[in-house]
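> okay, here's the prediction I keep looking at, along with the sequence it came from:
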Amino acid sequence: MSKTKLKVNKQTKKRYIWAYAFILPQLIVFLGLSLYPIIMSYVYSLYDWSGIGPMTDFVGFDNYLKVFSEEKFWNAFKNTFIYTAGFVTISVSIALLFALILNNPKLKGRVVYRTVYFLPVVTTTAIVGIIMKNIFGNTGLINDVLQMIGVIDQAVPWLTNPVTAMIVLIIVGSWKEIGIIMIYWLTGLQMIPKELYEAAKIDGASSWQVLRHITLPLLAPIGATILLLTTVSSMRVFDLVKTLTDGGPFFSTETLELYIYRFAFASEGPSQVGYASTVGVILGVAVFIISLMLGWIVMKVNKHKNKDAISTGGKKL
């Protein structure tokens with residue numbers, strides 16, 4: 001018995017060694033390319049450093065005080081949350097609508113529709129921004145079509161008006177990501193037991209009652225996860241803003257990521273890597289706090305999942 005147990009322990013130990021051997025490269029990459037830059041950004045934020053030469057000018061928390069006193073920082077902060085609110089609302093809701101439609105087994109050509117909706121996702125964001133900049137330009141396709149059909153008399157300044165520029169940015173960003181969010185919703189829909197729908201049909205429930213009492217409650221857990229993922233990703237938007245509006249007009253679409261880039265790499269005069277790192281730290285903390293809050297919501301929703309649907313199992317809908 002002891003020899004058998006010793007043999008099993010050796011086999012288990014060998015499996016663990018192989019498992020760690022496969023994990024180690026990924027861990028090294030994470031430490032080198034993710035964790036180390038995060039730690040160093042905190043260090044850089046304490047210095048007045050241009051990114052070239054040694055860090056000698058230690059300023060402590062002066063960069064943080066400077067950031068919070070900058071009007072353009074708060075403008076970028078506001079723009080980031082406006083974009084996030086608009087992006088999450090539009091992309092998540094429209095993606096859910098598309099998923100509900102494509103989940104219908106009677107719909108012909110579902111695979112084709114899914115592919116079409118997913119195409120923008122696999123297109124490079126920078127390319128999308130450049131194309132959309134031409135489409136929404138004063139002499140672009142949108143204005144040409146609207147003038148051709150008589151909707152407008154003169155070109156609408158979609159990208160040179162502060163209000164319409166942000167609207168266009170949100171619409172394009174949502175259109176770009178709706179496909180992948182739709183896939184998330186479809187995954188949740190296909191996990192719902194078919195027996196619940198059959199029982200509801202026997203009870204004579206209408207489509208609205210099925211949607212309200214079965215589909216939506218059971219989608220709540222994955223919906224909370226989708227909300228978390230889309231919120232975090234939209235707060236880190238950069239390449240679309242850079243290529244579509246470049247933060248204009250008059251900084252009306254400048255987000256925090258673009259604000260960081262402008263000071264770290266593209267500002268007039270010497271780069272301000274220390275200041276940019278400070279903004280990056282603040283953004284990272286904000287994203288972390290929001291992730292914790294949304295993560296708590298996900299846990300709560302998962303804890304109570306299926307409650308509404310199960311409660312309707314013994315009664316009519």
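Everything's here; your move.
> for Val151, which three-state class applies?
Secondary structure state of Val151, per DSSP: H, G, I helix; E, B strand; the rest coil, is coil.
> any idea how far Phe58 is from it?
Val151 is 59 Å from Phe58, where distance means C-beta to C-beta, to the nearest Å. Heads up, the C-betas are built off the backbone N, CA and C, glycines and all.
> again with Thr164
Applying C-beta to C-beta to Thr164 and Phe58 gives a distance of 45 Å.
> neighbour-wise, which of the two wins?
Thr164 (16 against 11; other C-beta atoms under 10 Å).
> out of everything not next to it in sequence, what's closest to the more buried one?
Trp158 (5.0 Å; C-beta to C-beta, 6 or more residues apart in numbering).
> the one you found belongs to a helix?
No. Counting by three-state DSSP, Trp158 is not found in a helix; it is coil.
> nearest the geometric middle of the chain, what residue?
Ser233 (2.6 Å; C-alpha atoms, centre = their mean).
> which ones are touching that residue?
Glu177 (C-beta atoms under 8 Å, 6 or more residues apart in numbering).
> can you tell me the SS state at it?
helix.
> distance of it from Ala76?
Taken as C-beta to C-beta, the span from Ser233 to Ala76 is 17 Å.
> what do you get for Ser234?
14 Å.
> how about the nearest residue to Ile192 once chain neighbours are set aside, phi and psi?
In space, Ile192 comes closest to Leu218 once its chain neighbours are excluded; the distance is 4.9 Å by C-beta to C-beta, 6+ apart. Backbone torsions of Leu218, given as degrees, to the nearest 10, read phi -80, psi -20.
> Leu218 contacts Gln190, correct?
No. With contact defined as C-beta atoms under 8 Å, Leu218 does not count as touching Gln190 (11.2 Å).
> okay, the two: which has more neighbours?
More crowded of Leu218 and Gln190, by other C-beta under 10 Å: Leu218, with 22 against 10.
> where does this structure have low pLDDT?
Flagging of the chain using pLDDT under 70 yields the residue ranges 1-11, 267-269, 304-317.
> measure the residue nearest to Ile192 to Ala19 for me?
From Leu218 to Ala19 the distance is 35 Å (C-beta to C-beta).
> go on, Phe77?
Phe77 is 43 Å from Ala19, by C-beta to C-beta.
> those two: which is more packed in?
Phe77 (19 against 10).
> let me see the contact set for the more buried one.
Taking C-beta under 8 Å, 6+ apart, one finds Leu256 in contact with Phe77.
> distance of it from Gly295?
Counting by C-beta to C-beta, the gap from Phe77 to Gly295 is 22 Å.
> just Ile202 next, same as before
38 Å.
> looking at the two, which has the bigger crowd around it?
Taking other C-beta under 10 Å, Ile202 and Gly295 do not tie; Gly295 has more neighbours (13 against 9).
> distance of that one relative to Pro162?
34 Å.
> go on, Ile94?
From Ile94 over to Pro162 (counting by C-beta to C-beta), the distance is 25 Å.
> then stretch 270-282 to PDB, C-alphas only?
Only the C-alpha atoms of stretch 270-282 are listed here, as PDB (Å, rounded to 0.1, in the frame of the first residue of the first chain):
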ATOM      1  CA  PRO A 270      10.000  68.000 -23.800                       C
ATOM      2  CA  SER A 271       7.900  65.000 -22.900                       C
ATOM      3  CA  GLN A 272       6.400  64.900 -19.400                       C
ATOM      4  CA  VAL A 273       6.500  61.200 -18.700                       C
ATOM      5  CA  GLY A 274       6.200  61.800 -14.900                       C
ATOM      6  CA  TYR A 275       3.100  63.800 -15.300                       C
ATOM      7  CA  ALA A 276       1.600  61.300 -17.800                       C
ATOM      8  CA  SER A 277       2.400  58.400 -15.500                       C
ATOM      9  CA  THR A 278       0.500  60.200 -12.700                       C
ATOM     10  CA  VAL A 279      -2.600  60.500 -14.900                       C
ATOM     11  CA  GLY A 280      -2.100  56.800 -15.800                       C
ATOM     12  CA  VAL A 281      -2.000  55.800 -12.200                       C
ATOM     13  CA  ILE A 282      -5.200  57.800 -11.500                       C
END
